[in-house]
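Engineer: Structure, please.
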Amino acid sequence: MTPPFDLVVCILLVLACFALVRLVLGPTIADRAVAVDTVNTLVVATLILLAVIYRQIVFIDVAIVYALLSFVSTVFVAKYIGGEL
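Structural biologist: Next comes the predicted model:
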């Protein structure tokens, strides 16, 4: 990998660690839901980065599907927290 990609990978890893700490320590279910959504967003960013590094379009397809599933699950959890389910 090239140095700019190394830096971006390190930044994404640090951000994912912060989100995982919030996921474990979050006092409410809303905090945990936001942490999971943050981790999902970082996974999508990582998949896009992998698509650029390896020059494979399939990573972008997987990232789009993963983002859609993440969005649906976030909406479901939000409705559950709000008491609409």
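
Engineer: Give me the residues contacting the least confident helix or strand in the chain by mean pLDDT.
Structural biologist: Least confident element among the helices and strands of the chain, by mean pLDDT, DSSP states H and E: helix 3-25 (a mean of 91). Helix 3-25 is contacted by residues 1, 31-32, 34-36, 38-39, 42, 45-46, 49, 52-53 when judged by CB atoms under 8 Å, 6 or more residues apart in numbering. In this view, the C-beta of every residue, glycine as well, is placed from N, C-alpha and C.

Engineer: Report the two of these separated the most.
Structural biologist: Greatest spatial distance in these: M1 and D31, 33.6 Å, computed using CB to CB.

Engineer: higher neighbour count, these two?
Structural biologist: D31 (13 against 10; other CB atoms under 10 Å).

Engineer: what's the pLDDT at the residue nearest to S70 when sequence neighbours are not counted?
Structural biologist: Of all residues not flanking S70 in the chain, N40 sits nearest, at 3.9 Å (CB to CB, 6 or more residues apart in numbering). pLDDT recorded at N40 is 95.

Engineer: Just to check, N40 is in contact with L68?
Structural biologist: No - using CB atoms under 8 Å, N40 is not in contact with L68, being 10.8 Å away.

Engineer: Look at those two and report which has more neighbours.
Structural biologist: For N40 versus L68, the count of surrounding residues by other CB under 10 Å is larger for N40: 18 against 10.
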